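Undergrad: Have a look; sequence and predicted model below, questions after that.
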Protein chains: 2
Amino acid sequence: MAYELYYWAGIQGRGEFVRLALEAAGAEYVDVARQSGGEQAMMRLLTSEGGERVPFAPPFLKLADLLIGQTANILLYLGARHALAPADEAGRLWAHQLQLTIADFVDEIHDTHHPIAGSLYYEDQREEAKARAADFVKSRAPKYLGYFERVVERNNAAKGHLVGAELTYPDLSLFQIVAGLRYAFPRMMERLEASHPRIVDVHDRVAAHPRIAAYLASDRRIAFNRYGVFRHYPELDEAKRRRTIKQ
Amino acid sequence: MAYELYYWAGIQGRGEFVRLALEAAGAEYVDVARQSGGEQAMMRLLTSEGGERVPFAPPFLKLADLLIGQTANILLYLGARHALAPADEAGRLWAHQLQLTIADFVDEIHDTHHPIAGSLYYEDQREEAKARAADFVKSRAPKYLGYFERVVERNNAAKGHLVGAELTYPDLSLFQIVAGLRYAFPRMMERLEASHPRIVDVHDRVAAHPRIAAYLASDRRIAFNRYGVFRHYPELDEAKRRRTIKQ
């Protein structure tokens, strides 16, 4: 039986973290909202008067009677079911802990362009966005990226992974973080990647995974754009560096 | 063996969601940072050069060799271990999904007073905070509270609980949300509580739980203050209602 993934058509957004896990697992799934009539089906589930366990927001995943919401929760489920997480309890909790830290990072990335209200346009909060993004570029992004760099470094089981010796769902999500930040904050990433080789290595290994490589080359991968979590507004990225003029 | 809880001394913060679960379970625990030398011990664990699995931030919970970070992840663990979550997989995932939605709500509550940067004082982002809080009071808080009201309403197993017929960790967290919002946004809550009787009922049942009642009356419960997630700044609450003058 195929999974049904419910997420907004037209953006990667938080749904992309689920797509990457489904693709890496080779799982059969339908990206419901991208089908004809799919967004209406999603809205029916979200506003369902009959349902007992209704999600707060997309993404959510359906398999027969089981309806799972919250990105990290979906990955907790898929990780256990498709060997994308360690089998032991301590390892499973550690993978989930990293995923929840990635979720916090994603929230902060989102709020660089929407610091006041998700219901307002970016243009109506641009000045506040500049202030929030300046702190993000200077402090928050280096703090998170430095943390994940150290996690990869300290993983005694293998190089190139956050957890253990195999691909796990936090690796897939870290790939998406690196790819998304390259799109949204190219100047910041140009500066930070040199000092964070291990997370770039995780990114590259995920990108080279045969199923992920096939996915990224397919039309199932939506391009980054200015509607998702990762948005490229040059005024939010760090300033261009001036050449130092030698005297 | 007693649990060791590591969280900032002096505030409820995100650690309070863990304290409530430990207290409801009747578990033996040490609130490490509130002991002499405890904050230093916490910082050593956070900055440890030797550790392989180091948390990003407090709270974290230690039991022998197991070190678990991220509030919702700690509750996932405690919920299974102390019967504060359903035993079946679907119920366990549903409880965790609700907890992650509460975590999102907590993030938004925090950002009402810190919309630009956690590293800046409130006073340095007061105008932006007013704009963000206005949206929170008008849209976001009613959306979340309305959602949880409907979840309690639709829980077919019992009245007065989010999940199933017994107390679970999301109930404890919803209690904390109601208590915290009453402290931080009293005028907003005065308006909203009348139309959300079911979440007030969950709050009241948790407060009357013998172990929680004993905890709340003890000095282990830190008072709300202007350093935690829930902060009372009258200028962020909704405006006082004017009496309508009859003509």
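TA: It's in. Residues are numbered from 1 along each chain as shown, chains lettered A, B, ... in the order given.
Undergrad: What's the separation between A:E28 and chain B?
TA: Going from A:E28 to chain B by CB to the nearest CB, to the nearest Å gives 21 Å. C-beta here means a position set from N, CA and C on the backbone, and glycine is covered the same way.
Undergrad: show me the residues around that residue that make contact.
TA: Contact partners of A:E28, counting by CB atoms under 8 Å, 6 or more residues apart in numbering or on different chains, are A:M1, A:A2, A:Y3.
Undergrad: Which pLDDT value belongs to the first one?
TA: If I follow you right, that is A:M1. A:M1 carries a pLDDT score of 86 in this model.
Undergrad: I'd guessed it sits against A:L63; true?
TA: Yes: counting by CB atoms under 8 Å, A:L63 is a contact partner of A:M1 at 6.6 Å.
Undergrad: Can you show me the strands along chain A?
TA: A:3-6, A:29-31, A:60-63, A:66-69 (DSSP state E).
Undergrad: Can you lay out the ones you listed as TSV showing mean neighbour count?
TA: Shown next, in TSV, are these (neighbours: other CB atoms under 10 Å in any protein chain shown):
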stretch	mean neighbour count
strand A:3-6	22
strand A:29-31	17
strand A:60-63	21
strand A:66-69	22
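Undergrad: Of all the ones you listed, which one is nearest B:E235?
TA: Among the strands of chain A, strand A:66-69 comes nearest to B:E235, with 34.7 Å by CB to CB.
Undergrad: Can I get the closest one in PDB? Just the C-alpha atoms.
TA: Output in PDB follows, covering the C-alpha atoms of strand A:66-69 (Å, rounded to 0.1, in the frame of the first residue of the first chain):
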ATOM      1  CA  LEU A  66      -2.900   6.000  10.400                       C
ATOM      2  CA  LEU A  67      -2.600   9.700  10.000                       C
ATOM      3  CA  ILE A  68       0.700  11.200  11.300                       C
ATOM      4  CA  GLY A  69       1.500  14.900  11.500                       C
END
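Undergrad: Mind listing the strands it pairs with, and their directions?
TA: strand A:60-63 (antiparallel) (DSSP bridges).
Undergrad: Can I get the strand it pairs with in PDB? Just the C-alpha atoms.
TA: Extracted in PDB, the C-alpha atoms of strand A:60-63 (Å, rounded to 0.1, in the frame of the first residue of the first chain):
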ATOM      1  CA  PHE A  60       1.100  14.800   7.300                       C
ATOM      2  CA  LEU A  61       1.400  11.300   6.100                       C
ATOM      3  CA  LYS A  62      -1.400   8.800   5.700                       C
ATOM      4  CA  LEU A  63      -1.200   5.000   5.600                       C
END
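Undergrad: And A:R53, how close does it get to chain B?
TA: 5 Å.
Undergrad: now do A:A90
TA: A:A90 is 6 Å from chain B, by CB to the nearest CB.
Undergrad: right, and the strands of chain A - which one's nearest B:F148?
TA: Using CB to CB, these put strand A:66-69 closest to B:F148, at 13.7 Å.
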